[in-house]
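K.L.:
3D, please:
(chains A and B)
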Amino acid sequence: AQTVTQSQPEMSVQEAETVTLSCTYDTSESDYYLFWYKQPPSRQMILVIRQEAYKQQNATENRFSVNFQKAAKSFSLKISDSQLGDAAMYFCASTTSGTYKYIFGTGTRLKVLA
Amino acid sequence: DTGVSQDPRHKITKRGQNVTFRCDPISEHNRLYWYRQTLGQGPEFLTYFQNEAQLEKSRLLSDRFSAERPKGSFSTLEIQRTEQGDSAMYLCASSPVMGTDTQYFGPGTRLTVL
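P.N.:
Have a look, this model is predicted:
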């Protein structure tokens, strides 16, 4: 069975600084995908970044990047130059090819301080 | 592309009543998913459809819950004889069959059972 663990219920970062959100996962599958989603207050969940497990290169999307450590089953999200609009709940999720359903972590609430 | 829409956005009902939620996926997305999110938790998978076929149901989906996607377009989720424990945000997501496993989420329906 897949599991996703986010051990940081809440994080704070100063505007313009860098913050890293942690995520660990467990799966017996070799073909899987990992995601970070952002859920602003009272707004819908949107994709931040996606990583295919077979790719060694870490995914990057503008100010967002991941540190994918396959052997350690770790998938952390780094947000550079944090902005006030980055304040939200961040969920780590995984899925395996063939099942399609996402398994989510419990989320990390990110506060950005002006 | 208007995104995933859900209706209603909020529903308050009394215990024992039946409720029905609707989800309209992104057009031409073959896969449709339902998740439930309780306060402070990540979304939990309930069920998913590929076109009109319901391919997987979670154990969370008791016999009081039923989901349909009659023509492979919109989907409905019905809860019969609601209980206070059914209070949650019900999220719908869709994804295309081909390409990435990325799911696109709707804004959710928040259900409160009194």
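
K.L.:
my guess is B:L60 meets B:R36, correct?
P.N.:
Yes. With contact defined as Cβ atoms under 8 Å, B:L60 counts as touching B:R36 (6.7 Å). Every C-beta, even on glycine, is put in place using the N, C-alpha and C of the backbone.

K.L.:
More neighbours: which of these two?
P.N.:
Legend: neighbour count by other Cβ atoms under 10 Å in any protein chain shown for B:L60 and B:R36, higher for B:R36 (21 against 12).

K.L.:
now the more buried one: how far from chain A?
P.N.:
11 Å (Cβ to the nearest Cβ, to the nearest Å).

K.L.:
That residue: which element?
P.N.:
strand B:31-37 (DSSP states H and E).

K.L.:
in whichever helix or strand comes after that strand, what's buried?
P.N.:
Sequence-wise, the next helix or strand downstream of strand B:31-37 (DSSP H and E) is strand B:44-50. Buried residues in strand B:44-50, defined by neighbour count with 16 or more other Cβ atoms under 10 Å in any protein chain shown: B:44-50.

K.L.:
List just the nearest of those to B:R22.
P.N.:
The closest of the buried residues of strand B:44-50 to B:R22 turns out to be B:F49 (Cβ to Cβ; 13.7 Å).

K.L.:
Look up which residues are beta-bridged to residue 113.
P.N.:
Since you didn't name a chain, this refers to chain A. Counting by DSSP bridges, A:L113 is bridged to A:Q14.

K.L.:
Correction: the question concerned chain B.
P.N.:
Beta-bridge partners recorded for B:V113 (DSSP bridges): B:T13.

K.L.:
next one: A:F104
P.N.:
Under the criterion used (DSSP bridges), A:F104 bridges to A:A93.

K.L.:
Am I right that it is in contact with A:T95?
P.N.:
No. Counting by Cβ under 8 Å, A:T95 is not a contact partner of A:F104; they are 10.1 Å apart.

K.L.:
Tell me the residues of chain B that contact chain A?
P.N.:
B:4, B:31, B:33, B:35, B:40-45, B:48, B:56, B:91, B:95, B:100-108 (Cβ under 8 Å from any Cβ of the partner chain).

K.L.:
one more time with 7 Å
P.N.:
B:31, B:33, B:41-43, B:45, B:48, B:56, B:100-103, B:105-108 (Cβ under 7 Å from any Cβ of the partner chain).
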